[in-house]
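Engineer: Have a look; sequence and predicted model below, questions after that.
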Amino acid sequence: MKPTKNLGYGFLIILFFAVIGHSTVLGESRELTLAVGLTIPPYNIPETNSGIELDIVREALKAKGYSIKPKYVPFARRNLELSNREADGVLTINTDSGIDKKIRDAFNEGLKELRRTGRYNEIVKKYLSQKQGTGE
């Protein structure tokens, strides 16, 4: 079984720009600050600014010209960070969150590109092998 069979798009959904007119939507900045829950290996690893979720989101958005800056906060505080405009988006939420179409489309296109090139599987395999102790 391919390692990505168990890892669907759901855990990668990002809520961006809940407030219309946010500066990033207007094109003033291409760096996105994302509120990320504290350590949840292998999904998010603050010590190395990496993890399956973070790396896939970073690569998918990079393909569309965005960079990310993770802001690690307790899981329950993520949405407050967004509401207070201290973050542009959060990891992870569900699909009915009202994601801004422009960024959702950019993310989805970037994710398709990762899958097409095989980069998505490379990222997932890297973390699965580390979890299994092979370190490949």
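Structural biologist: Yep, that arrived.

Engineer: Tell me which stretches of the protein form strands.
Structural biologist: 14-16, 31-37, 67-73, 89-91 (DSSP state E).

Engineer: and the ones you listed, which one's lowest on average pLDDT?
Structural biologist: Among these, strand 14-16 carries the lowest mean pLDDT, a mean of 40.

Engineer: follow-up on the earlier one: export the strands of the chain to TSV and tack on mean neighbour count and distance to Ile45?
Structural biologist: Just so you know, the C-beta spots here come from the backbone N, C-alpha and C atoms, and that holds for glycine as well. Shown next, in TSV, are the strands of the chain (neighbours: other CB atoms under 10 Å; distance: least, CB to CB, whole Å):
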stretch	mean neighbour count	distance to Ile45
strand 14-16	24	18
strand 31-37	21	10
strand 67-73	16	10
strand 89-91	26	13
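
Engineer: Go through these and name the closest to Leu111.
Structural biologist: Closest of these to Leu111 is strand 14-16, at 10.5 Å (criterion: CB to CB).

Engineer: Any stretches of the protein with poor pLDDT?
Structural biologist: Along the chain, the model assigns pLDDT under 70 to residues 1-29, 93-104, 131-136.
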